[in-house]
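Asks: coordinates only, sequence not included:
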């Protein structure tokens, strides 16, 4: 997925997120440098948040697809609260149903600047992260994380942070025809990215929102991360069914997903179980929390 976005990117997927120091999905605004002067990660001045939220509302309100996304942001607790609450912490347990490795970590994500720090559930000394410019890992041996940690650093945010991660520039929204899902009418928005936005600008998402409540119900996406697809292309489309939404300090977030291959626009073969737990926000992290630790390896 992407890494220094305005707020999201493409699934690290598109997510799934790559993490290099090039232009990321979408780029954070010019207040980033100023914010870094503060003593705590969560101490973002209200006027900066208001400015960013105001720009996002104006941009999104200018198109039919953007209006659907803005309604969803409001229904999920509001973009201002999303940024005001501080860094998001959680346990994200990604469990493929085949022989691929489980990705289970405690993680804290700076949603304002798109930075991340992960700690292995099995070994608290094994960690990896993304500073906003560099990926790093600190582990006793190379077997601690049997997956691409650079790619995965922000991927969980790209998977579960909709609709809030769509507030930045470089994000293109198209309103598709409404669809029936689980007996209800859904508004459907396709998300694509400008060239040069993030590490996998060819990624896309197709987001389903309940037409009445405006809450997210499903996420469809492809992975086109170049390190996985060196000759171009992408994997088949996946369909994530959103599990129960939970209220985390005023923000509604998914407690998990059931991921399938997409078949005729609906869930097909069930391939991955994702559990998201222990979610909370923290506005009191030290300024250097997301920096590369001593003895860590830069990627």
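Replies: Structure received. Every value quoted in this text rests on a predicted model; they were computed, and no experiment measured them.
Asks: which stretches of the stretch 151-299 of the chain form strands?
Replies: For the stretch 151-299 of the chain, the strands defined by DSSP state E, counting those that start in this stretch occupy 171-181, 184-193, 205-210, 216-221, 238-242, 245-248, 251-254, 256-263, 266-282, 297-298.
Asks: quick one, which of those is nearest to residue 61?
Replies: Distances from residue 61 to each of the strands of the stretch 151-299 of the chain were compared using C-beta to C-beta; the minimum, 11.7 Å, belongs to strand 171-181. For glycine as for every other residue, the C-beta is placed from the backbone atoms N, C-alpha and C.
Asks: show me what counts as buried in that closest one.
Replies: Counting neighbours by 16 or more other C-beta atoms under 10 Å, one finds that the buried residues in strand 171-181 are 171, 173, 175, 179, 181.
Asks: in the helix or strand that contains residue 49, what's buried?
Replies: Residue 49 belongs to helix 46-60 when assigned by DSSP states H and E. Residues of helix 46-60 classed as buried by neighbour count (16+ other C-beta under 10 Å): 48-49, 52-53, 56-57, 59-60.
Asks: remind me what that helix packs against, helices and strands.
Replies: Counting by 3 or more C-beta pairs under 8 Å, 6 or more residues apart in numbering; DSSP states H and E, the packing neighbours recorded for helix 46-60 are helix 64-75, helix 79-84.
Asks: ok so, going back, nearest to residue 133, out of the strands of the stretch 151-299 of the chain?
Replies: Counting by C-beta to C-beta, residue 133 lies closest to strand 297-298 out of the strands of the stretch 151-299 of the chain; the figure is 10.0 Å.
Asks: neighbouring strands - and their directions - for that closest one?
Replies: Here the strand partners of strand 297-298, with direction, are listed using DSSP bridges: strand 135-138 (antiparallel).
Asks: go ahead and confirm residue 238 touches residue 262.
Replies: Yes - Residue 238 is within contact range of residue 262, at 6.4 Å (criterion: C-beta atoms under 8 Å).
Asks: where do the contact lists of the two overlap?
Replies: Common neighbours of residue 238 and residue 262, counting by C-beta atoms under 8 Å, 6 or more residues apart in numbering, are residue 220.
Asks: quick one: residue 120 and residue 208, what's the gap?
Replies: When C-beta to C-beta, to the nearest Å is applied, the distance between residue 120 and residue 208 equals 33 Å.
Asks: these two: which has the busier surroundings?
Replies: For residue 120 and residue 208, the more surrounded residue by other C-beta atoms under 10 Å is residue 208, and the numbers stand at 26 against 16.
Asks: so how far is residue 160 from the residue nearest to residue 245 when sequence neighbours are not counted?
Replies: For residue 245, ignoring the flanking residues on the chain, the nearest one in space by C-beta to C-beta, 6 or more residues apart in numbering is residue 252 at 4.5 Å. Distance of residue 252 to residue 160, given as C-beta to C-beta: 11 Å.
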